[in-house]
Structures are given as structure tokens and as C-alpha cells.
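A.B. asks: return a 3D structure for these sequence lines:
(chains A and B)
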Amino acid sequence: MMDAYNSAKPSVMHIDLNSCFATVEQQARPMLRGRPVAIVNRRIENTSIITCSYEAKACGVTLGMSIKEARRLCPDLVWLESDPPKYKYVYHQLMRIMNDYSAHVRMKSIDEGIIDFSETTQEIAQRNLVDIGHEIKQRLWTEVGEAMNCNVGIGTNRFLAKTAAGLRKPNGLDVITVQNLRQVYEALKLTDLTGIAGRMEKRLNAVGIFTPLQFLDADETVLRKIVFKSVDGSYWYRRLRGWEVDKRDFPLKSAGRQYVLDGYRMPKEKVLQRLHHLCEETGAKVRSKGMVARGVMVYVRTYDYGGWHAKTMAPLPFFSNEAIYAQANKLFAAAPEGIKMIAVSCYGLQPADAHIAQLSLFGDDIAKERALTSAVDDINSRYGKRVIHSADTLGTDFYVKERIPFGSTRYMG
Amino acid sequence: MNDETFLNEQVDVVAVFRPGRTMCEPIRFRRKNGQDITITKIGLRHPVAHGKRMLHMFDVTDGCADYRLEFDAERLTWRLTIEADRL
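C.D. replies: As a prediction, this is how the structure comes out:
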């Protein structure tokens, strides 16, 4: 009965590290605690802030703001370049703690994850989730560090658990049940709901929905046929009532990497070098998942904020860095001038096993390429990333550094 | 303000290995210039893999500055790689 609210006992817990990267830096460097800290991906004044501490937020500093602007608001701002290994370590520690409570843990990104208690052990199932939430906070302090804080949200589905985790920041713990559901929605704006941003808000406004409560009370048919024009309308109808509709895993369809160029109006041969580097990283990503690719896409953003892309589908699957770069290079020849950002992705991914079956049909060349690529991958995994790479990308490591992937945690190791 | 200094200085370290949050706790180190630094707090210890070789990064403070010490678990060497926020 999906029309009614889900009145089951809440069994989903959402855990969200507060201002994750900035807090980890404050944990690592005690002298930064209590000071405004911003994390950037590159040490230049025009770079954008990817996260900042609560002290910086109190001065008006926000995500996406340039360092130049942030320093005008907050002259004492300490800005640091991101340190991915440190954040990965904390991510693994958080995941280890969460795994102690259920076998059904899903990390949503580097700083947040979900514990599904619906199929946990009897011993854990008998405990109060609020107590477990407090225990996880305590363990984060003792096992990772005293500066680490997290928000905990508990609900009957992932959406309500995440909403609960966002109610009181930092360091909050809230539960949304059928009893307080309407009260919680009453205090929120439409855009406070995960998944509702500017464009979706406008579509809801167009049918007279201006608040989460109106959204909750909207007719399912209106949501499905007029607002979302798809089954998403029905999903939202159920999601808002606490029914689980987001417990889905999506197969890996593409892999890639993007890079904002380190120089203004860079000559094309230098851009190509960086593109080659991205192709090598993309190839390593694809192979690390035991996949081969069928297509390559190159995307370029220019200084006038125009986007350009080109893609190609190969008749046979490919996997080597050279094969990816050969196609990307060909596509890139038609790219416009004034490039600010480049991106490469491989799509049409499929398991490598299926590809091996075809090898005998296409002779020795593919087998040789496979053996060589595999040998290089083995050496790199034994002695360190990019110990062996193309001579063309010599020196690009200084510019194209490892970055934290937002969203997916597929490559967190 | 951002006053990190990146170094690559071999240092002599006194460390205690015992169960706890970091398992290995550097408590004191001597720099090349003879300066002795007593660590008052370990902020974070995190591993960084260079292939199969493991480095352990210790972010520590003596109350006057923050430091990063790198312990190479294969070569058993300690290096001071960052000094920051000297008062």
C-alpha cells in the first residue's frame, strides 16, 4: 500500500562527515583547529574552493568561491591543496566502522555512506539505532581523531535518512519517522530535498507546488504525467512517504578523467601531452575493473564557456592506453581553440572475459598488445603508479595530479 | 595565510610501538641542524602505497608548528617532509 506513509521502524542510517576534507586537515594538523580552512585542487588564486571548514563558512566563504574572493571575506583563511591519500584513509576507516554493524553498507561518496539494518544480525537488530548512531560518532573520535565529526540521519528509506542527516549540522543526529515526517517537511524548502535543484523546482512550481508539504500532498498522477513525465513521478511519490525506491546499483558504463589546464591559452601540443596522460589514467581505470571499451569520447570546454565534444565507436573492443590515445588524438584534431578544460572517457564498457574469447579470431597482434599492457600494469602495481608510461607524458605528473573523485567511490581501492 | 614548507630531510626519530590509534607513535625527533623537537600530539597517521612499498605519514605537532614525518616501512627510514604554521 504505497499511498500510505511507511510506518515501519526506521532501519536505514545515513552517515555524512562534516566538511570532510577541511575537517581531516584540521585533524591532521592540530594548529589548524578553530581556524578558517579552505581546500583547493590547485595552489592558484583563481582556483575554486572544493570544501571549507565551519569557521570559514561562518565568514561567508562558500563552496565554488574563488580563493581571491574568499580571502577578501576572510583574510585569515588558510588554503591548502587537497591531499587525496589522507581523505581515502579516513574514508576506509569510516567504512570499516560502518561494516561492524551490517553487511549491507553502501558508500555514496568519499564522505558519506548508508547502513541498511534491515538484514543485520539479531544482536544488532535488537539495539536502538539512535544508540548505534552515537556509538559511531564516538568511535570516529576515538579511532580516527577527536576533530572528526559526522551527521547521522535515520529513516525508513535512504532519502529520509539523508534528509535527517542534513537537518542539524554539524554533528547532528536526527530520526525521521511517520510521526514527525510532516513536521520535518514543513521546516524545509523544496531545494533542501536531495534531487530537487533549480530546474526541477521550476517544474514543480509550474503545477503549484512550492513547498515540500505540497509536494508530499500532490497527486501521484500529476507527478508522473505532468511534472516528471515518467515513472520518476511515482518514485518521488513513494520516496517522500518513506518507501525505499533508491536501493539500486548501476553497472559501470563509462570511465574517464578530466583536467583543467594549468596554463592560459596553452599550445595544442602541450594540451595533447596532457590528453595523453588522461588517456593513460583512463586506460588504467578501465583495466582495473576487468573491462574493455568500445568507444572514446573527448570533451573540451573553452574560455568562452562553450562546450565541444566528439566521440567514436570502434568495431572491436580495445583496452590499451595506446589504442585509447590513438582515437582520442584523432578526435581532438577538430577541437576548438582557447581550451580551458579537457576530458576523456571510454564508454561501451564490457567484461574483458568476453573479449578474450574473440582473440583467437583476430590473431597475434591483439594477444601481444594484451601481454604488453598486462606486463606494464603489473610493474606499475608493484613499483607504483606510472613507473612505466609513455615518453610523451614525461613530466606531466607534476601538473596532472591525483584528484578526489566526487560521487562514485568505484576507484577508492 | 599558507606557510607550508616542503622538505626532504632525513631525521632521527624516537618512536614507541604500542596498541592504540596509530600503533606507532613518534615522540621526539632531531633535525639535521641539531634541533630537538618533542611531539605533543599526533594528528593523523595514514598510509600511502607506492606500488607494494608502504609509507606511513605522521602529521604531528610540537605545539609551535605542525610537521609531517614519513616512515618508509620497507627501508625503515624517517624523513621530515613538511613544516607548517610555525608560530
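A.B. asks: any idea what residue B:41 is bridged to?
C.D. replies: residue B:61 (DSSP bridges).
A.B. asks: got a list of what it touches?
C.D. replies: Neighbouring residues of residue B:41 by C-beta atoms under 8 Å, 6 or more residues apart in numbering or on different chains: A:30, B:60, B:61, B:63. Using the backbone N, CA and C atoms, a C-beta is placed for each residue, glycine as well.
A.B. asks: which of the three states applies to residue A:235?
C.D. replies: For residue A:235, the assignment made with DSSP: H, G, I helix; E, B strand; the rest coil gives helix.
A.B. asks: gap between the nearest residue to it once chain neighbours are set aside and chain B?
C.D. replies: Using C-beta to C-beta, 6 or more residues apart in numbering or on different chains and skipping residues adjacent in sequence, the residue nearest residue A:235 is residue A:245, 4.5 Å away. When distance is defined by C-beta to the nearest C-beta, to the nearest Å, residue A:245 is 37 Å away from chain B.
A.B. asks: same check on residue A:203?
C.D. replies: In this structure, residue A:203 and chain B are 43 Å apart, going by C-beta to the nearest C-beta.
A.B. asks: burial count for the nearest residue to that residue once chain neighbours are set aside?
C.D. replies: Spatial nearest neighbour of residue A:203, excluding adjacent residues (C-beta to C-beta, 6+ apart): residue A:227 at 5.4 Å. For residue A:227, the count of nearby residues is 20 (other C-beta atoms under 10 Å in any protein chain shown).
A.B. asks: now residue A:197
C.D. replies: So residue A:197, with other C-beta under 10 Å, has 11 neighbours.
A.B. asks: confidence score at it?
C.D. replies: pLDDT recorded at residue A:197 is 90.
A.B. asks: wait, doesn't residue A:59 sit right on residue A:71?
C.D. replies: No: applying C-beta atoms under 8 Å, one finds residue A:59 not in contact with residue A:71, separated by 10.1 Å.
A.B. asks: residues contacting stretch A:305-313, please?
C.D. replies: For stretch A:305-313, the surrounding residues in contact (C-beta under 8 Å, 6+ apart) are A:294-302, A:327, A:330-332, A:334-336, A:347-348.
A.B. asks: same deal with stretch A:110-118?
C.D. replies: Contacts of stretch A:110-118 (C-beta under 8 Å, 6+ apart): A:11-17, A:20-21, A:87-88, A:91, A:94-95, A:98, A:101-102, A:104-108, A:124-125, A:129, A:158, A:161-162, A:165, A:247, A:404-406, A:409, A:412.
A.B. asks: for chain B, which segments count as strands?
C.D. replies: According to DSSP state E, chain B carries its strands in the segments B:5-10, B:12-17, B:24-30, B:36-38, B:41-50, B:53-61, B:66-72, B:77-84.
A.B. asks: what do you get for the stretch 201-350 of chain A?
C.D. replies: Assigned by DSSP state E, counting those that start in this stretch, the stretch 201-350 of chain A shows strands spanning A:254-260, A:291-302, A:307-318, A:339-347, A:350-351.
A.B. asks: so what's residue A:261 up against?
C.D. replies: A:271, A:274, A:339, A:340, A:341, A:342.
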